[in-house]
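Undergrad: Structure here, sequence nowhere to be found:
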């Protein structure tokens, strides 16, 4: 599929869209098959994406036009991209209007809905991901940067409630739109290299978004009143994680240690020590995937003095031991 074919494909009415045109204002029969939960004080549907993610770690859906989407949540991460037009969402009870080029990443179990009635020119793309994609394939492709990735994705840590989201304004970034077009062309018109290209395009999209975090000093979307960005602090910890302390970082950026500690906890869900540990684990994962260092050499290199501590934390982050992680990554990239 080429870009011209993609444009035609996205503007064609799907069977679901034709149903909505014939039944204006009605809820799709699709919802009759879904579980309706009492979740965080409201009724909302549970999406499991069982058909979209049958055998893949990544699935893509063109959101139905001519209708709204009621409150829902799901166990998988989701990226919504406004390919064309606009759409109004309610996310964790807050109304957000997004326009062409806007992109929102929802962590697991974020309650959200699409309240505006999309017209034929309002095209929203949903990309959903299994956690396995981030735990092995994605991280193995990345550079040694790690804390900002955790800050962005927030699903790598499995020990806290997932209710964050982040919005990117990518209207001026032609690379994001182009990468999404390439991704959609491959997904809806697969080639012989489909599996590898899908992972490559998605990884490239996220890496480009991380560049956006660096370049534009983006913040978590739930922190409108505090204009202080945490990005330089996280960047400094990434570069100096094996030798910096809370007091050092606080002094460098002119913060009271307690204030910085509270800000870290609020924005990342982690204490200063947990942020450092997160970087150690991500660095360790990178080295396991991209070096021939022994596991003990890696533990020493990332600054962990306690081998048992590293093993315990690594398994809590990635759901497998360092040895299993290395074997898993090697299996993904064995072309023998």
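TA: Here it is on my side, so go on. From a predicted model like this one, the values you see are computed outputs, not experimental measurements.
Undergrad: Is residue 300 within a helix or a strand, and which one?
TA: helix 295-301 (DSSP states H and E).
Undergrad: for that helix, what is the average pLDDT?
TA: For helix 295-301, mean pLDDT rounds to 92.
Undergrad: May I see the buried residues of that helix?
TA: For helix 295-301, burial by neighbour count (16 or more other C-beta atoms under 10 Å) applies to 295, 298-299. Any C-beta I mention is one placed from the backbone N, CA and C, and that applies to glycine too.
Undergrad: Now find how far off-centre the helix or strand where residue 285 lies is within its chain.
TA: Residue 285 belongs to helix 272-290 when assigned by DSSP H and E. Relative to its chain's centre, helix 272-290 lies at 18 Å (C-alpha atoms, centre = their mean, to the nearest Å).
Undergrad: Now do that helix: which elements does it pack against?
TA: The contact analysis (3 or more C-beta pairs under 8 Å, 6 or more residues apart in numbering; DSSP states H and E) places helix 272-290 against helix 139-141, helix 147-153, helix 231-240, helix 257-268, helix 295-301, helix 307-318, helix 322-332.
Undergrad: What mean pLDDT does that helix get?
TA: 86.
Undergrad: Next, the angle helix 257-268 makes with that helix.
TA: Computed by axes from the mean of the first three to the mean of the last three C-alpha atoms, to 10 degrees, the angle separating helix 272-290 from helix 257-268 equals 50 degrees.
Undergrad: Residues contacting the helix holding residue 300, please?
TA: With C-beta atoms under 8 Å, 6 or more residues apart in numbering as the test, helix 295-301 has contacts from 283-284, 287-288, 291, 293, 307, 310, 322-323, 326.
Undergrad: Just the buried residues of these.
TA: In the contacts of helix 295-301, the ones that pass as buried (16+ other C-beta under 10 Å) are 283-284, 287-288, 310, 322, 326.
Undergrad: so who does the residue lying closest to residue 232 once chain neighbours are set aside touch?
TA: Setting aside the residues directly before and after it, residue 232 is nearest to residue 253 in space (C-beta to C-beta, 6 or more residues apart in numbering), at 7.0 Å. By C-beta under 8 Å, 6+ apart, the contact set of residue 253 is 232-233, 236, 260.
Undergrad: Just the buried subset of the residues you listed, written out for PyMOL, thanks.
TA: To isolate in PyMOL the members of the contacts of residue 253 that are buried, counting by 16+ other C-beta under 10 Å, one can use:
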select buried, resi 233+236+260
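Undergrad: For the contacts of residue 253, give me TSV that also has pLDDT and distance to residue 279.
TA: TSV is the format used below for the contacts of residue 253 (pLDDT from 0 to 100; distance: C-beta to C-beta, whole Å):
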residue	pLDDT	distance to residue 279
232	76	15
233	84	12
236	84	11
260	90	16
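Undergrad: Listing request: residues of the stretch 151-300 of the chain with sub-threshold pLDDT.
TA: 151-164, 210, 213-229, 231 (pLDDT under 70).
Undergrad: hmm, try it at 90
TA: For the stretch 151-300 of the chain, the stretches with pLDDT under 90 are 151-174, 195-196, 198-200, 202-245, 253-254, 261-271, 273-287, 289-292, 300.
Undergrad: ends of stretch 103-120, how far apart?
TA: Here the two ends of stretch 103-120 are set 19 Å apart, with distance taken as C-alpha to C-alpha, to the nearest Å.
Undergrad: Next, the buried residues of that stretch.
TA: Buried, per 16+ other C-beta under 10 Å, within stretch 103-120: 103-116, 118.
Undergrad: One more: stretch 174-188?
TA: 176-177, 179-187.
Undergrad: and what of stretch 306-313?
TA: 310-311, 313.
Undergrad: Turn these into CSV, including distance to residue 69 and pLDDT.
TA: Shown next, in CSV, are the buried residues of stretch 306-313 (distance: C-beta to C-beta, whole Å; pLDDT from 0 to 100):
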residue, distance to residue 69, pLDDT
310, 43, 93
311, 43, 94
313, 38, 91
